[in-house]
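Undergrad: from the sequence below, what's the structure:
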Amino acid sequence: MRDRKVIRKTASIQLLADETRMKMIYLLRAKEMTVSQVAGELGLTPQTIYHHIKKLREADMVEVSREERMDHLTESYYRATAGMFYFTDGCRTEEPGTVENVESALEGLKTLGFRIISDAKQTDQLAKLLGDLRRQRKESDIVDRIYQMNDLDSNAQDDLVLFAAFMSMDDDEFERHLEIQRLLRQTLLTRKRSKG
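TA: Okay, the predicted model is just below:
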């Protein structure tokens, strides 16, 4: 099983909108199981599980890990094809940061103990700056290849994505990247409320 796998097909992403399939992926990431074993864990019929397994196999999210002969029958054991799935529509670097995502990230900062002032104008500015950063990173064409490098662990793959992005920038693009990061930091710091 790979550490990570990139899934680009929108239909594959939609498969996990189903709670049963999400639970199945969770189980099959932990260990290989037969249809009957998955059915027993989830309290569903083997026919229902087989239907879901078939869809997940077509999306290359589940595979047969081995087959075992029992009497006159062959039992298939299934597993997830990766420990973590990375979903993208192929336009990651083209999409601007969304206000909703920025608001969620700011809430995350509050959860981590940062004192943040809410301001819609600055939230919009943060979303624009994040969008600018994403557009500047030229990784969409190589991120698949990186996450398919099974000889690298997930941390090394993340580092490689960052290195490839930096290597693909010319000097002007890199200076712009630094400027966007400075603006992003300044905007975040103006949102910071002093302790007291």
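
Undergrad: tell me, how many residues neighbour residue 74?
TA: By the criterion of other Cβ atoms under 10 Å, residue 74 has 9 neighbours. Yep, even glycine has a C-beta here, placed from its N, CA and C like the rest.

Undergrad: that should have said residue 14, apologies.
TA: Counted with other Cβ under 10 Å, the neighbours of residue 14 add up to 11.

Undergrad: and it, which helix or strand is it part of?
TA: Assigned by DSSP states H and E, residue 14 belongs to helix 10-15.

Undergrad: tell me the helix or strand right after that helix.
TA: For helix 10-15, the succeeding helix or strand toward the C-terminus, using DSSP H and E, is helix 19-30.

Undergrad: quick check: mean pLDDT of that next one?
TA: Mean per-residue pLDDT for helix 19-30: 92.

Undergrad: swap in stretch 124-135?
TA: pLDDT averaged over stretch 124-135 gives 82.

Undergrad: from the chain's centre, how far out does it sit?
TA: 19 Å (Cα atoms, centre = their mean, to the nearest Å).

Undergrad: could you number the chain from 893 rather than 1 from now on?
TA: Taking 893 as the first residue, the last one we looked at is stretch 1016-1027.

Undergrad: for that stretch, buried residues please.
TA: 1017, 1018, 1019, 1020, 1021, 1022, 1023, 1024, 1025, 1026 (16 or more other Cβ atoms under 10 Å).

Undergrad: and what of stretch 952-969?
TA: Buried residues in stretch 952-969, counting neighbours by 16+ other Cβ under 10 Å, are found at 953, 954, 955, 957, 968, 969.

Undergrad: same thing with stretch 997-1007?
TA: Residues of stretch 997-1007 classed as buried: residue 998 (neighbour count, 16+ other Cβ under 10 Å).
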